[in-house]
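Student: Predicted model and sequence follow; I will ask about them next.
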Amino acid sequence: MRTPVSRRKFLGAAATAGLTAGLTRAPSADSPAAPRAAAGTEWPLFDATDEQALLGVLRSGRWGRTSGGARNREFETAFARRMQAKHCIATSSGTTALLTALGALNIGPGDEVVLSPYTFVATFNVITANFALPVFADTDRASLQIDPKTVAAAITPATRLLLPVHIAGTACDLDGILAIAKERSLPVLEDACQAPLAEWRGRPVGNHGIGGCFSFQASKNLTSGEGGAVITNDDDFAHRCYNFHTPGGGKPAPSSGRASNFRLTEFQAALLVSQWQRFEAQQAHRAENAAYLSKLLAAIPGVAPAQLASGNTRNGWHLYMVRYDAAQFSGLPRAKFLQALAKEGVAASSGYTALNLTPHVQALAKNPHYERIYGKAAMARWLERSRCPQNERAVEEAVWLGQTKLLGTRADMERIAEKIAGIQKRSGELVRG
């Protein structure tokens with residue numbers, strides 16, 4: 001079994017390796033809104049605005065939420081407004097945003113949570129951290145997003161939460177998932193860690209269920225190195241999240257007797273406020289390049305961009321995902337296709353492996369705590385329930401281009417398409433070689 005790819009390592013390495021041959025141009029430090037970074041420049045991008053933001057916090061002596069700092073509140077207000085949410089609770093990471101939300105919902109032993117198998121392992125980990133049972137719904141191969149039809153099949157009387165993931169910055173089919181949730185009276189928590197500014201039917205993701213969780217980790221399009229947020233329009237849920245994420249709470253909500261400390265520092269919040277100034281321009285530029293690249297790739301059989309469900313009105317473009325069809329490349333295995341791309345100066349990745357089949361996930365079936373809570377026979381059955389045949393095929397087809405690629409020029413997009421077309425023309429030779 002292949003070792004699961006780390007999206008974070010891929011994006012970090014890709015940003016520093018020169019993703020496209022000959023690209024070395026950096027953005028002007030005098031223009032914090034300038035989005036046209038070279039497709040191989042280091043990530044994150046920063047300038048004097050970010051330096052001053054950090055120095056401002058340093059010199060204030062107010063480095064945390066509880067020390068009287070104002071940057072957390074400033075970011076929460078701006079992010080909530082832009083995401084059309086009533087509340088935002090900043091947290092120390094995307095993982096702790098999810099932990100905060102699950103804690104506020106009091107998810108625990110005996111509960112089942114339905115999730116996608118095509119996601120970063122943190123989505124799984126936050127469920128097992130609460131000793132709840134992760135239940136995988138299968139993937140729609142065309143979009144690489146969770147398939148609502150399989151969500152319905154995964155629900156049992158023990159299901160307490162639906163946890164769909166907007167992978168790569170693309171909204172999953174929320175119409176289908178919300179319809180199921182309404183019929184079964186289940187809350188929906190959106191894992192939007194990769195998808196700030198993405199929209200479903202004109203409304204930002206994270207707003208369609210009880211709440212949404214975001215990540216500002218180092219590889220993310222909006223970053224503070226580490227950081228996260230929960231957004232919601234539900235007053236009670238917002239208060240529960242706030243109380244869960246900070247010792248002592250303070251908001252008017254009943255306690256479950258559970259809480260933690262997941263606060264964001266003022267340094268991270270200041271970076272987010274500063275980075276926010278260029279984020280909209282960067283996202284618009286990514287979208288423009290993604291549309292152009294998709295148009296170019298449409299002329300090359302065998303490299304189909306991941307489909308967008310009809311409700312997608314804006315993509316977050318954390319990843320540009322393609323489905324690779326080896327048959328259109330003379331049977332050239334995906335691994336050799338990626339190697340050929342790399343030799344042409346275009347770094348790409350095979351993306352996630354089948355999360356449900358990894359040793360980390362499979363080990364849960366023999367976890368003694370889980371065997372006591374759910375029973376040995378039930379955990380053995382859980383392994384079989386966890387099979388996702390469509391996802392297991394999808395992970396063998398996917399090719400990722402990192403978000404920094406989309407910060408290049410139109411000429412960079414043309415170069416990517418030209419390199420792929422060139423590999424296709426000589427694919428027979430590559431197979432024989």
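Tutor: Alright, I've got the coordinates.

Student: going forward, measure contacts between C-alpha atoms and count neighbours the same way
Tutor: Noted.

Student: So for stretch 181-189, what gets flagged as buried?
Tutor: For stretch 181-189, burial by neighbour count (16 or more other C-alpha atoms under 10 Å) applies to 181, 186-189.

Student: ok now do residue 91, which residues does it touch?
Tutor: Counting by C-alpha atoms under 8 Å, 6 or more residues apart in numbering, residue 91 makes contact with 97, 227-230, 245, 262-264.

Student: any idea which helix or strand carries residue 50?
Tutor: Element membership for residue 50 (DSSP states H and E) is helix 48-60.

Student: Can you spell out which helices and strands pack onto that helix?
Tutor: helix 266-297 (3 or more C-alpha pairs under 8 Å, 6 or more residues apart in numbering; DSSP states H and E).

Student: tell me the secondary structure for the nearest residue to residue 320 once chain neighbours are set aside?
Tutor: In space, and not counting its chain neighbours, residue 320 is closest to residue 401: 5.0 Å by C-alpha to C-alpha, 6 or more residues apart in numbering. When classified by DSSP: H, G, I helix; E, B strand; the rest coil, residue 401 comes out as strand.

Student: Could you report the separation of residue 401 from residue 303?
Tutor: Distance, residue 401 to residue 303, using C-alpha to C-alpha, to the nearest Å: 12 Å.

Student: related to what we said a few turns ago, let's have the contacts of residue 91 in JSON lines, adding secondary structure and distance to residue 174.
Tutor: Shown next, in JSON lines, are the contacts of residue 91 (DSSP: H, G, I helix; E, B strand; the rest coil; distance: C-alpha to C-alpha, whole Å):
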{"residue": "97", "secondary structure": "helix", "distance to residue 174": "20"}
{"residue": "227", "secondary structure": "coil", "distance to residue 174": "25"}
{"residue": "228", "secondary structure": "strand", "distance to residue 174": "22"}
{"residue": "229", "secondary structure": "strand", "distance to residue 174": "20"}
{"residue": "230", "secondary structure": "strand", "distance to residue 174": "18"}
{"residue": "245", "secondary structure": "helix", "distance to residue 174": "27"}
{"residue": "262", "secondary structure": "coil", "distance to residue 174": "28"}
{"residue": "263", "secondary structure": "coil", "distance to residue 174": "29"}
{"residue": "264", "secondary structure": "coil", "distance to residue 174": "29"}
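
Student: a markdown table please, covering the residues you listed and showing pLDDT and neighbour count.
Tutor: Below are the contacts of residue 91 laid out as a markdown table (pLDDT from 0 to 100; neighbours: other C-alpha atoms under 10 Å):
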| residue | pLDDT | neighbour count |
| --- | --- | --- |
| 97 | 98 | 30 |
| 227 | 98 | 27 |
| 228 | 98 | 27 |
| 229 | 98 | 30 |
| 230 | 98 | 32 |
| 245 | 98 | 27 |
| 262 | 98 | 22 |
| 263 | 98 | 25 |
| 264 | 98 | 25 |
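
Student: Need the max-distance pair from those residues.
Tutor: Across the contacts of residue 91, the longest distance by C-alpha to C-alpha is 12.9 Å; it joins 227 and 245.

Student: Return the alpha-carbon coordinates of stretch 175-182 using CSV.
Tutor: Output in CSV follows, covering the C-alpha atoms of stretch 175-182 (Å, rounded to 0.1, in the frame of the first residue of the first chain):
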residue,chain,number,x,y,z
ASP,A,175,-28.3,20.2,-2.0
GLY,A,176,-28.2,16.4,-1.7
ILE,A,177,-26.6,16.3,1.7
LEU,A,178,-28.9,18.9,3.2
ALA,A,179,-31.9,17.1,1.9
ILE,A,180,-30.8,13.9,3.6
ALA,A,181,-30.0,15.8,6.8
LYS,A,182,-33.4,17.4,6.9
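
Student: Quick check: closest non-adjacent residue to residue 223.
Tutor: Excluding its sequence neighbours, the residue lying closest to residue 223 (C-alpha to C-alpha, 6+ apart) is residue 216, at 4.3 Å.
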